[in-house]
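A.B. asks: My questions are about this predicted structure, shown below with the sequence.
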Amino acid sequence: MKNLWQWMAIAALAVLTVGCGSSGSGSEASKGGSPSTPGGAASGDKKFKVGIVFDRGGLGDKSFNDSAWRGIQRAEQEFGIEVRKVETKQERDYETNQSALASAGMDLVIAVGLNQETALKKVAAKFPKMNFAIVDGKVGAPNVRELRFKEEEGSFLVGYLAGLMTKTNKIGFVGGMKLDLILKFQYGYMAGAKLANPAVEILPAKFTDTWDDTQKAKAAANVLYSGGADIVYHAAGRAGLGVITAAKETGKFAIGVDSDQDDVAEGSVLTSMIKRVDQAVYSTIKDLVEGKFAAGEVVYDLKQDGVGISELRFTKDVIGAENLKKLDEIKAKIIAGEIKVPSTEAEFNAGQ
């Protein structure tokens, strides 16, 4: 007989699936559309079900969540999986949303974002036979795959470019939450800028304490621009769109993150640090379909093309061939291990 907790989880999913959750849940979910080309190694025998719980900021952030969704859509197209998605509005709902999908018999539940780590530790223990994956989090459970990235390596490249391109010799950084994860972006960026331009001043970093308040991020960026920075890198999810708006309004440069944000404000985004969450999500589902899913940490770095920079669709001419060549040389040195990229304040200070 199902206990009270299980009935509550099933009831929560019923509300989520129709996409009209109560004001208390702060969540929305929908079933993925029918795939147009069902197929894949094992799809002829079984239609796999994959659930995904997005981080705050949700779909439409043109960054982290949207990248994960692209991976889901690619898998849906190629393998004919059935998809259920949940957009979380309040952090307290992560556990409920993960549990609801697990109770619905998903073959895999993907939690997007470090903030879901605590919830998934509890949920993975309650559903020991379920497969889970988390982007950025550390869970350490035998049924959870951890999708991790060397964000500092991609950030080093955009920082190096910022150091080459700054005219004021001042640049800035806007983060979301002040977490170890976001500090990897910050210190990689700072180290790259200093290598390219030892005279560059990196203004004190700003943190918005939110992933979705674009006005806070815009205000933070404007403080940096007013302080003389002409390039500001953000790692703030949807909130970071406010940094790009500030760059456009002030005639300065922003640097986007996670997805290619260069087209958010053409010519105002110098480049974007690409974090291939889409590839990590897709590969995880591919392994599931092919019977190769395994728990544990999988790390995506510059060598694997797990991180990198955008194609510079709107700024290549401004940057110039000489600087692009320098950037390629630095990338090759990181991949070869000739440059050790810092991911913490201590490692950054040790390298100065």
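C.D. replies: Yes, it's here.
A.B. asks: list the contacts for residue 305?
C.D. replies: Contacts for residue 305 (Cβ atoms under 8 Å, 6 or more residues apart in numbering) come out as 276, 279. Where you see a C-beta, it was placed from the backbone N, CA and C, and this is true even at glycine.
A.B. asks: Am I right that it is in a helix?
C.D. replies: No. Assessed by DSSP: H, G, I helix; E, B strand; the rest coil, residue 305 does not belong to a helix; its assignment is coil.
A.B. asks: Contacts only, for residue 223.
C.D. replies: Applying Cβ under 8 Å, 6+ apart, the residues contacting residue 223 are residue 206.
A.B. asks: which residues of the stretch 1-150 of the chain fall in strands?
C.D. replies: Here the stretch 1-150 of the chain has its strands, by DSSP state E, counting those that start in this stretch, at 27-31, 49-54, 82-88, 108-112, 132-135, 144-149.
A.B. asks: Which stretch among those is buried most, on average?
C.D. replies: Among the strands of the stretch 1-150 of the chain, ranked by average contacts under mean count of other Cβ atoms under 10 Å, first place goes to strand 108-112 (a mean of 29).
A.B. asks: ok, and what's touching it?
C.D. replies: With Cβ under 8 Å, 6+ apart as the test, strand 108-112 has contacts from 48-55, 64-65, 68, 72, 94, 98, 101-102, 117, 119-120, 123, 130-135, 137, 277, 281, 284-285, 288, 293.
A.B. asks: Please report how far residue 118 lies from residue 173.
C.D. replies: Per Cβ to Cβ, to the nearest Å, residue 118 is found 26 Å from residue 173.
A.B. asks: again with residue 77
C.D. replies: From residue 77 to residue 173 the distance is 36 Å (Cβ to Cβ).
A.B. asks: So between these two, which is more surrounded?
C.D. replies: residue 173 (33 against 15; other Cβ atoms under 10 Å).
A.B. asks: Give me the pLDDT value at the closest residue to the more buried one other than its chain neighbours.
C.D. replies: Computed as Cβ to Cβ, 6 or more residues apart in numbering, the closest residue to residue 173 that is not its neighbour in sequence is residue 205, at 4.5 Å. Looking at residue 205, its pLDDT reads 98.
A.B. asks: Over to residue 89?
C.D. replies: So, for residue 89, pLDDT stands at 83.
A.B. asks: The spatially closest residue to residue 197 that is not a sequence neighbour: what's it in contact with?
C.D. replies: Using Cβ to Cβ, 6+ apart and skipping the chain neighbours, the partner closest in space to residue 197 is residue 163 (3.7 Å). Residue 163 makes contact with 171, 192-197, 200, according to Cβ under 8 Å, 6+ apart.
A.B. asks: Check residue 326 too.
C.D. replies: 160, 164, 196.
A.B. asks: Can you tell me the closest non-neighbouring residue to residue 241?
C.D. replies: Closest to residue 241 by Cβ to Cβ, 6+ apart is residue 214, at 5.1 Å.
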